[in-house]
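> fold the following.
(2 chains)
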Amino acid sequence: MTTATYAGHDVEVDGEGFLEDPSEWTREMATEIARDAGIETLSAEHWKVVDFMRAQYAEKGTGPTVRVLGKTSGVSIKELYELFPKGPAKTAARIAGIPKPRGCI
Amino acid sequence: MANRIVVLGGGTGGTLVANRLRRRLGRAEAEIVVVDEDDRHVYQPGLLFVPFGLAHVDDLVRPRHAQLHTGVDLVERAVESVDLAAREVRLAGGTVLAYDVLVVATGAVLQPEETDGLTGPGWMERVFTFYDPAGAAALADAIAAFERGRIVVSVVDMPIKCPVAPLEFCFLADWYLRRRKIRDAVDLVFVTPLDGAFTKPVCNHELSGLLREKGVEVVTEFSTGTVDGPGGRLVSYDGREVAFDLAVVVPLHGGAKYVERSPGLGDELGFVTVDEHTLQSRSHPEVFAIGDAAGIPTSKAGSVAHFAGEVLVENVVHVLAGAEPTASFDGHTNCFIESGFDKALLIDFNYETEPLRGHFPSVVGLPLLRESRLNHLGKLAFEWLYWHVLLPGHDIPGVGAAMPERGKSFPERGRARERVR
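Numbering: from 1, shown residues only, chains lettered A, B, ... in the order given. From the prediction side, this is the model:
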């Protein structure tokens, strides 16, 4: 476990940069986490996905996979990859401050 | 009047649950009805062997009704929808079946049409799946005629039935091509949306090593967006390409179609939302799900249905008696992984414990997470157990529903040492 500083706050992150405690997250942090994840500015479309991820996490305790995002977020899988080229579910979850979506086993 | 238990699906989970319930409850207590659209029960683990001529589809199929105990009725109809509020199942043709308890066991269905190009030109010519009987049989002919080039084994996205089957396919393909003395003329490539061969670290390490040893190239984090049959390439959503001469694709999976037509029953992918421990619906206590149909964080595998069966039956009996469900499923999963050359590995795990080394079911037993001939014999013997022990709803001697900790090497306890009690 390591410590990262986002928006002036020290937060614990795991080896892949996911926040250990989703409740520490703020919208200001999201902008800086996005930069760390290779996304310079978060557009309204990015935010739509990030907010959706947080809502789903609050409701179900886990973030959606890309496939479920494509079916339910109102953003197609193709567009999701344009927004988050390095993997939409993983990157959007990291920016949203929630744990890495539980891959199916 | 007797309660009516309706079981949707006469596959692995539905059959073993109906049979266990029949033995547990007298006829005056419960009527048990199984609904399925046909009378063909496929031994699905056998499909893996069909492309290599090691099994034939006809030998893998038996009538569903013959697997059900006397006193279990089979209704051969497709399901139209479930009305949760009215506690009724609507069948094709207009029949309505009221239930006191509903068990959803209709498994997972393949959705190849959901991937761009997959069922287009080239489908069943140079692009196949071995996940259904017709595909497995057609692939057998294509592989027998294959002389040189690139065979690409691709998983489009999770969840899939038996997540180790695509790896087993690679191992068996390596064995098969060597036996035909054309291995040098063929590139074998495994393409996965995951970041490794398997999601759990210890097992991933072992299986990645095996793939390397056998010369199978691995492409990770590849989300297949398009299958271009005529062009012989897979294209990922992020624009990468993998060329193939022969593609073996595991298509997207979802729940049975009627789940989507039944408001409140399933999740976005059509799997039925139930508590991962009690297997009971959170919103409708008289509704349960088992096997691949259940939206719980396990592998979609027959062993899960078997281990969960005991728990589910216990909880159905509680609910019929007006009590709370008390039996709890631990996510126990047990899979043989065929690795070619008459060897196999065995993995055993649950929600909490990843696949570890050691022995199963106890300190003396089959070696875990290691290739051995004994495991291969175990895999072959399993077919007999499936028809004669699992489906009739019997326990396997020495193997309980809960995952055994005995015999496993837990890494966190200092030196890895097998737990003896």
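> what ranges do the strands span in chain A?
Counting by DSSP state E, the segments of chain A that form strands are A:2-6, A:9-13.
> return the most buried member of these.
Mean neighbours per residue, mean count of other Cβ atoms under 10 Å in any protein chain shown, is largest over the strands of chain A for strand A:9-13, with a mean of 15. All C-beta spots, glycine's among them, are computed from the backbone N, C-alpha and C.
> list the helices and strands that strand packs on?
strand A:2-6 (3 or more Cβ pairs under 8 Å, 6 or more residues apart in numbering or on different chains; DSSP states H and E).
> direction included, what does the strand it packs on pair against?
Strand A:2-6 pairs in its sheet with strand A:9-13 (antiparallel), by DSSP bridges.
> what about the lengthiest helix in chain A, near chain B?
Scanning chain A for the longest helix, with DSSP state H as the assignment, gives helix A:44-60. No: counting by Cβ under 8 Å from any Cβ of the partner chain, chain B has no neighbours in helix A:44-60; the shortest distance is 9.0 Å.
> hmm, residue A:68 and residue B:157 touching each other?
No: Residue B:157 is beyond contact range of residue A:68, at 10.1 Å (criterion: Cβ atoms under 8 Å).
> of these two, which one has the most company?
Ranked by neighbour count (other Cβ atoms under 10 Å in any protein chain shown), residue B:157 and residue A:68 place residue B:157 first, with 22 against 17.
> look at residue B:415 and report its pLDDT.
With respect to pLDDT, residue B:415 has a value of 46.
> any weak-confidence spans in chain A?
A:1, A:102-105 (pLDDT under 70).
> ok, residue 77 - contacts?
Since you didn't name a chain, this refers to chain A. Counting by Cβ atoms under 8 Å, 6 or more residues apart in numbering or on different chains, residue A:77 touches A:66, A:67, A:69, A:70, A:88, B:223, B:225, B:237.
> let me rephrase: I mean chain B.
By Cβ under 8 Å, 6+ apart, the contact set of residue B:77 is B:35, B:37, B:91, B:92, B:93, B:95.
> what's the closest of those to residue A:21?
Lowest distance from residue A:21 to the contacts of residue B:77 (Cβ to Cβ) belongs to residue B:35, with 46.7 Å.
> quick one: the closest one is in a helix?
No: Residue B:35 is assigned strand when assessed by DSSP: H, G, I helix; E, B strand; the rest coil, not a helix.
> now the one residue in the stretch 201-350 of chain B that gets nearest to chain A: phi and psi?
Closest residue of the stretch 201-350 of chain B to chain A, Cβ to the nearest Cβ: residue B:237 (4.2 Å). Here the main-chain torsion angles of residue B:237 (degrees, to the nearest 10) amount to phi -60, psi -30.
> is it true that it touches residue A:81?
Yes: using Cβ under 8 Å, residue B:237 is in contact with residue A:81, at 4.2 Å.
> run through the helices of chain A in chain order.
A:27-36, A:44-60, A:66-72, A:77-83, A:88-95.
> hey, which of those helices is tucked in deepest?
Highest mean neighbour count of the helices of chain A: helix A:88-95, a mean of 26 (counted as mean count of other Cβ under 10 Å).
> what's it packed up against?
Using 3+ Cβ pairs under 8 Å, 6+ apart: helix A:88-95 touches helix A:27-36, helix A:44-60, helix A:66-72, helix A:77-83.
> related to what we said a few turns ago, which of the contacts of residue B:77 are buried?
Applying 16 or more other Cβ atoms under 10 Å in any protein chain shown to the contacts of residue B:77, the neighbour count classes B:35, B:37, B:91 as buried.
> got CSV for those residues, with distance to residue A:15 and pLDDT too?
Converted to CSV, the buried ones among the contacts of residue B:77 look like this (distance: Cβ to Cβ, whole Å; pLDDT from 0 to 100):
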residue, distance to residue A:15, pLDDT
B:35, 48, 98
B:37, 47, 98
B:91, 51, 98
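> closest one of the residues you listed to chain A?
For the buried ones among the contacts of residue B:77, the nearest to chain A is residue B:37 (25.2 Å; Cβ to the nearest Cβ).
> follow-up on the earlier one: tell me, what's touching residue B:237 and residue A:81 both at once?
B:223, B:225.
> thinking again about what came up before, what sits up against the longest helix of chain A?
Outside helix A:44-60, the residues that touch it by Cβ under 8 Å, 6+ apart are A:22, A:25, A:30, A:34, A:39, A:42, A:62-64, A:69, A:72-75, A:79-80, A:83-84, A:88, A:92-93, A:95-99.
> relative to chain A, how far out is residue B:178?
Remark: distance between residue B:178 and chain A (Cβ to the nearest Cβ, to the nearest Å) = 30 Å.
> quick one, phi psi at that residue?
According to degrees, to the nearest 10, residue B:178 has phi -70, psi -40.
> how about it, what does it touch?
Contact analysis of residue B:178 by Cβ under 8 Å, 6+ apart lists nothing.
> flag every residue of the stretch 201-350 of chain B that's near chain A.
B:221, B:223, B:225, B:237, B:238, B:252, B:268, B:269, B:297, B:298, B:299.
> find the pair from the residues you listed with maximum spatial separation.
Most distant of these, by Cβ to Cβ, are B:238 and B:298, 29.2 Å apart.
> who has more neighbours out of these two?
Neighbours were counted for residue B:238 and for residue B:298 using other Cβ under 10 Å; residue B:298 has more, 25 against 16.
> that one reaches residue B:330, doesn't it?
No: contact between residue B:298 and residue B:330 fails when scored by Cβ under 8 Å: they sit 9.8 Å apart.
> could you tell me which residues touch both of these two?
Between them, residue B:298 and residue B:330 share the contacting residues residue B:351, judged by Cβ under 8 Å, 6+ apart.
> coming back round to it: tell me how far the residue of the stretch 201-350 of chain B closest to chain A lies from residue B:222.
Counting by Cβ to Cβ, to the nearest Å, the gap between residue B:237 and residue B:222 amounts to 9 Å.
> same question for residue B:274.
32 Å.
> tell me which stretches of the stretch 201-350 of chain B form helices.
Along the stretch 201-350 of chain B, counting by DSSP state H, counting those that start in this stretch, helices occupy B:201-213, B:257-260, B:302-320.
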